[in-house]
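**Q** have a look; sequence and predicted model below, questions after that.
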Amino acid sequence: MAYRQRECLPKDRTIALRTPLAFFLISVGIVAAAWWWLATPVTLARAPIDAATKLECVSYAPFRNDQTPHDQTLIVSPQQIAEDLVELARVSRCIRTYSIDNGLDKVPELASRVGLKVLLGVWIGRDRAKNALLIDTAISLTRQYPGVITAIIVGSEVLLRGEMTVSDLREIIRSVKPRVDVPVTYADVWEFWLRYREIGPDVDFVTVHFLPYWEDVPVRAEDAAAHVDHVRLQVAAAFPGKDILIGETGWPSHGRMRDGALPSRINQARFTSEILDRARRDNFRVNLFEAYDEPWKRRWEGTVGGYWGLFDGTERKLKYPAGAAISNHPFWKLQMACGIVLCTLVFAAALLTLRGRPSPPRLAAWVAVAISATTGGILLGTGAEKMFLESFGIGGWLIQGLLLTAGILAPLLSANALVSGRALPSFAEVLGPPNGRARSFMTNVLGITLIVTTLIGVETALGLVFDSRWRDFPFAALTMAVVPFCTVALLNSPGVGARPLAETVFAGLFAAASLYIIFNEGVHNWQALWTCAAYLVLGITLWRPRTVAVVETALIATASALGEVTPARQVSG
């Protein structure tokens with residue numbers, strides 16, 4: 001009889017392995033299908049940029065990498081500017097500049113060599129002496145390159161920034177007009193043109209900025225071109241007899257959502273295509289914002305500020321070549337492959353843990369492993385992409401890197417815990433007094449990963465509460481981490497015991513922050529809703545009661561000191 005039982009063990013184990021194998025194949029299939037769907041390309045009826053039909057004009061700034069106009073000592077080399085203008089001349093007839101500092105006074109000369117016209121911008125502000133110097137330089141350039149500079153834009157959004165009064169601005173514009181033979185204008189957002197209509201008589205044409213993403217009530221990308229056209233007609237009606245130039249309009253390719261306005265490659269290409277099509281059909285002038293991505297803006301405007309360009313800011317290549325299908329994830333095959341590898345490693349970790357068990361785990365454990373593996377496999381590519389796009393400065397890279405690392409480790413460690421029946425440790429079991437700490441290495445690593453996830457979660461949640469305008473939503477990497485932790489908390493919780501104080505406080509903080517973020521961001525912002533859902537799942541995980549090893553270890557130590565014999569027990573971890 002004993003022989004027959006031993007003979008059946010391999011067969012039982014083979015049957016037991018069919019369950020994880022089936023879940024593994026399902027998980028890999030879901031990961032592959034998800035990435036295939038996410039990367040589905042679109043082909044627009046009108047190419048965003050087509051060399052055969054050149055753009056009317058495009059905003060240009062030459063700054064690359066760490067270069068910034070806030071560095072007063074920076075002089076961008078003419079060679080660097082010339083390289084950009086050669087590329088821009090292939091797709092546009094004109095460029096708009098914003099300043100003549102930092103070497104930009106060389107733009108008219110270099111533009112003349114490649115056949116580009118220039119809308120010359122003069123960046124004025126509070127410094128009256130500097131304003132006068134810049135205006136003198138601009139006038140001199142206009143006289144020197146009369147066939148290249150087609151207009152002077154005296155100031156850009158100086159009223160919006162509150163750096164000048166309307167009367168002072170009008171005085172400057174009126175002082176410039178008699179000194180040049182080209183049209184003079186001022187540029188600002190449409191709301192300020194409608195608010196300060198008295199500027200209209202002082203300019204030769206009205207230069208208006210339309211950035212639907214940044215408006216007080218953001219507009220969805222699908223509706224943005226129609227919105228711009230509609231408001232353009234309102235501005236035209238407010239300034240009868242004046243030509244209207246859309247001095248800035250565009251859409252970001254990366255960054256955080258604002259209400260229902262989603263930055264993405266497809267949305268950027270779609271908006272560009274639609275607004276240019278309307279301009280051609282209704283015969284109005286458009287200057288697109290902007291030529292190249294500008295990484296330096298991320299410091300002041302968040303991730304989204306650096307990705308308005310039609311050209312990539314690093315490689316200086318056109319993002320959407322004519323005739324090419326456009327995908328939000330051009331590297332999706334690599335992202336899918338990395339996700340499948342992580343999915344495989346999660347199941348491998350569970351199977352390796354299974355070798356040390358006398359009996360297979362319950363079905364719920366394999367379901368939880370599959371959920372963790374699938375979630376991580378789908379989101380790893382997005383989390384890595386967001387880390388490279390959104391990290392800025394040492395602090396940004398540290399936070400993003402730690403969160404993504406936690407997102408990778410969490411499903412691996414949780415798979416081990418789920419199969420072994422190990423519960424999540426409390427913070428005190430990991431960081432408390434030596435005699436109360438968890439004794440298992442794997443439990444300590446699991447606990448440290450949970451603590452790191454919690455602390456980064458707190459930092460990002462408070463940031464979205466108190467400084468939300470520029471903050472990105474860490475939904476991908478955060479979800480990778482919290483879903484596995486939650487499965488362990490739900491399946492392997494002891495069901496009795498105290499709720500540790502620190503975990504309870506953090507759980508309450510996540511609940512309160514989530515409610516405020518949803519209220520502040522609106523129900524149309526799915527990135528905010530997703531992130532808040534991840535915060536709430538993490539809060540539920542922390543709220544679950546657990547056996548605190550500190551108390552139990554103290555009791556064991558007391559009993560041993562009295563010489564009492566205590567029965568063997570399985571300590572959590």
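**A** Noted; the coordinates are in hand. Just so it is clear, the model here is predicted, and its values are computed rather than measured.

**Q** which residues touch Tyr307?
**A** By CB atoms under 8 Å, 6 or more residues apart in numbering, Tyr307 lies in contact with Pro252, Ser253, His254, Gly255, Pro263, Asp293, Leu389. Using the backbone N, CA and C atoms, a C-beta is placed for each residue, glycine as well.

**Q** out of those, which is most surrounded?
**A** Among these, Pro252 has the most neighbours (other CB atoms under 10 Å), with 29 neighbours.

**Q** nearest residue to that residue in space, please, no chain neighbours.
**A** Pro263 (3.9 Å; CB to CB, 6 or more residues apart in numbering).

**Q** tell me the SS of that neighbour?
**A** Here Pro263 is coil, with the state taken from DSSP: H, G, I helix; E, B strand; the rest coil.

**Q** same thing with Ile100?
**A** coil.

**Q** of the contacts of Tyr307, which is the nearest to Leu211?
**A** Taking CB to CB as the measure, Pro252 is the one of the contacts of Tyr307 closest to Leu211, at 9.3 Å.

**Q** can you give me the strands for the chain?
**A** If DSSP state E is used as the criterion, the strands of the chain fall at 57-59, 94-96, 117-122, 149-156, 184-189, 205-210, 243-249, 285-288.

**Q** pLDDT on stretch 117-129, on average?
**A** Mean pLDDT, computed over stretch 117-129, is 96.

**Q** contacts for that stretch?
**A** 57, 93-101, 107-108, 111, 131, 134-135, 138, 141-142, 145, 148-156, 158, 161, 163-164, 172, 187, 287.

**Q** for it, buried residues please.
**A** The neighbour-count check on stretch 117-129 (16 or more other CB atoms under 10 Å) flags Lys117, Val118, Leu119, Leu120, Gly121, Val122, Trp123, Ile124 as buried.

**Q** before we move on, what about stretch 159-167?
**A** Leu159, Met164.

**Q** and the end-to-end length of it?
**A** Separation of the first and last residues of stretch 159-167 by CA to CA, to the nearest Å is 11 Å.

**Q** nearest residue to the middle of this structure?
**A** Closest to where the C-alpha atoms of the chain average out (CA atoms, centre = their mean) is Gly255, at 3.5 Å.

**Q** Trp308 is in contact with that one, correct?
**A** No - taking CB atoms under 8 Å as the definition, Gly255 is not a contact partner of Trp308, at 9.3 Å.

**Q** give the contact list for the residue lying closest to Ser156 once chain neighbours are set aside.
**A** Nearest residue to Ser156, sequence neighbours excluded (CB to CB, 6+ apart): Ala187, at 4.6 Å. Counting by CB under 8 Å, 6+ apart, Ala187 touches Gly121, Ile153, Gly155, Ser156, Glu157, Thr207, Val208, His209, Gly247, Glu248.

**Q** all helices of the stretch 1-150 of the chain, in order?
**A** Listed in chain order, the helices of the stretch 1-150 of the chain (DSSP state H, counting those that start in this stretch) span 2-38, 78-88, 107-114, 128-144.

**Q** of those helices, give the one that comes closest to Asn525.
**A** helix 2-38 (18.9 Å).

**Q** for Ile456, give me the pLDDT.
**A** At Ile456, pLDDT is 97.

**Q** counting neighbours, what do you get for it?
**A** Other residues close to Ile456 by other CB under 10 Å number 20.

**Q** list the buried ones in stretch 519-527?
**A** For stretch 519-527, the neighbour count (16+ other CB under 10 Å) marks Glu521, Asn525, Gln527 as buried.

**Q** list of residues touching that stretch?
**A** In contact with stretch 519-527 (CB under 8 Å, 6+ apart) are residues 256-260, 262, 464-465, 468, 473, 475, 528-529.
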